[in-house]
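Peer 1: Next come a sequence and a model predicted from it.
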Amino acid sequence: MKAIILPEAGEAEKLQLTEIPMPEIDLNEVRVKVKAMSINPVDVKTRSGKALYSQLKEQEPVILGWDISGEIASTGKSVAGLEVGDEVFGMVNFPGHGRAYAEFVVAPFHHLAKKPANITHEEAAVSTLAALTAWQVLKDQLKIQAGERVLIHAGAGGVGHFAIQIAKHLGAYVITTTSAANADFVKELGADEHIDYRATAFEEAVSSVDAVFDTVGGDISARSLACLKNGGRLVAIAGGITEEVKAQAAEKAIQALPYLVQSSGNDMKSLAELLEKGVIKPCVSHVFPFGEMAAAHQQIETGRTRGKVIVKLED
């Protein structure tokens with residue numbers, strides 16, 4: 001089968017399209033014929049030698065990717081609830097070796113959910129790592145309640161655009177930061193307030209929120225402390241929760257935590273229900289063919305992607 005391997009860390013051109021043997025499946029696994037896959041910032045960071053690269057390097061060949069949508073081609077003997085021919089989607093084996101950049105992907109069946117019939121494989125593939133992250137942070141980590149005020153950073157991005165919709169579904173009042181060019185986009189998603197981070201220091205425009213979801217990293221978490229009320233909550237997914245930030249947060253009884261998304265078929269089922277009902281709608285901004293994976297990575301590296309980037313396999 002065709003797969004894209006990473007012989008060594010480096011620039012996007014290091015990604016190589018090649019032929020590898022068909023992966024075997026275990027008792028609790030399924031083999032999925034992939035129709036579409038989503039590309040994430042963690043893919044790019046890992047490709048460059050950061051993030052999960054050292055971990056994946058121990059199991060060569062390194063095949064990046066975790067987000068897939070496709071059709072089950074075969075199942076292990078202990079698989080329950082899924083059958084050959086079912087259309088499924090999910091984030092597989094994260095933060096392990098997902099090996100999603102391939103025509104066929106093997107994954108534990110409990111990492112997947114059935115794809116809603118009303119969305120495409122492209123839309124399903126983007127509703128995986130990014131949507132799971134937003135769901136797990138807002139529902140399980142920040143425990144957002146109806147009526148709370150939430151600040152979501154980078155609301156037009158992959159995680160951010162799902163986070164706005166999920167936060168609104170949970171009943172929150174949503175404030176988000178983006179460039180001015182994305183103001184209308186995030187308001188259409190449901191954001192109650194928009195802050196142009198290039199024109200305004202968000203910490204001067206926002207105060208007394210119950211929770212902050214930092215999807216950016218850098219100094220955003222530290223700056224966000226000024227926006228939170230005493231006893232507020234802050235979760236960051238891209239770094240930023242330093243010991244200094246924790247100490248400053250403690251002075252205001254703020255809970256400040258990092259978070260790394262985990263594969264979960266049960267959470268994927270919850271997202272499938274929201275997708276089926278139209279509560280959340282994924283934004284696919286760029287679609288690349290499988291042979292142009294490097295170009296997909298380069299798009300992510302611009303740091304200006306609205307919604308998500310997809311790589312599509314031909315039938």
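Peer 2: Ah, there it is. Numbers count the residues shown, from 1 in each chain.

Peer 1: Chain neighbours aside, what residue packs nearest to Gly265?
Peer 2: His110 (4.3 Å; C-beta to C-beta, 6 or more residues apart in numbering). (Each C-beta comes from the backbone N, C-alpha and C, glycine too.)

Peer 1: Tell me how far that neighbour lies from Gln262.
Peer 2: 12 Å (C-beta to C-beta, to the nearest Å).

Peer 1: nearest spatial neighbour of the residue nearest the centre of the chain, skipping sequence neighbours?
Peer 2: Note on the chain: the residue nearest the mean C-alpha position is Ala130, at 1.8 Å, using C-alpha atoms, centre = their mean. The spatial neighbour of Ala130 that comes closest, neighbours along the chain excluded (C-beta to C-beta, 6+ apart), is Gly158 at 4.0 Å.

Peer 1: for this protein, what's the longest strand?
Peer 2: When the chain is parsed with DSSP state E, its longest strand is strand 29-39.

Peer 1: who are the neighbours in contact with the closest residue to Leu52 other than its chain neighbours?
Peer 2: Using C-beta to C-beta, 6+ apart and skipping the chain neighbours, the partner closest in space to Leu52 is Thr46 (4.7 Å). Contacts here follow C-beta atoms under 8 Å, 6 or more residues apart in numbering; on that basis Thr46 touches Leu52, Tyr53, Leu56, Leu64.

Peer 1: Let me know the pLDDT of Thr46.
Peer 2: The model reports Thr46 with a pLDDT of 98.

Peer 1: just the one 10 residues further on next, same as before
Peer 2: The predicted local confidence for Leu56 comes out at a pLDDT of 97.

Peer 1: what about the residue nearest to it when sequence neighbours are not counted, neighbour count?
Peer 2: Spatially, and ignoring its direct neighbours in sequence, Leu56 is nearest to Val62 (4.8 Å; C-beta to C-beta, 6+ apart). A count of nearby residues for Val62, using other C-beta atoms under 10 Å, gives 22.

Peer 1: Give me the pLDDT value at the nearest residue to Gly278 once chain neighbours are set aside.
Peer 2: Leaving aside its sequence neighbours, Gly278 sits nearest to Asn118 (C-beta to C-beta, 6+ apart; 7.8 Å). The model reports Asn118 with a pLDDT of 97.

Peer 1: residue ranges with poor pLDDT in the stretch 201-315 of the chain?
Peer 2: Scanning the stretch 201-315 of the chain for pLDDT under 70 picks out 315.

Peer 1: where do the helices sit along it?
Peer 2: Along the stretch 201-315 of the chain, the stretches classed as helices by DSSP state H, counting those that start in this stretch are 202-205, 220-224, 243-251, 265-277, 293-301.
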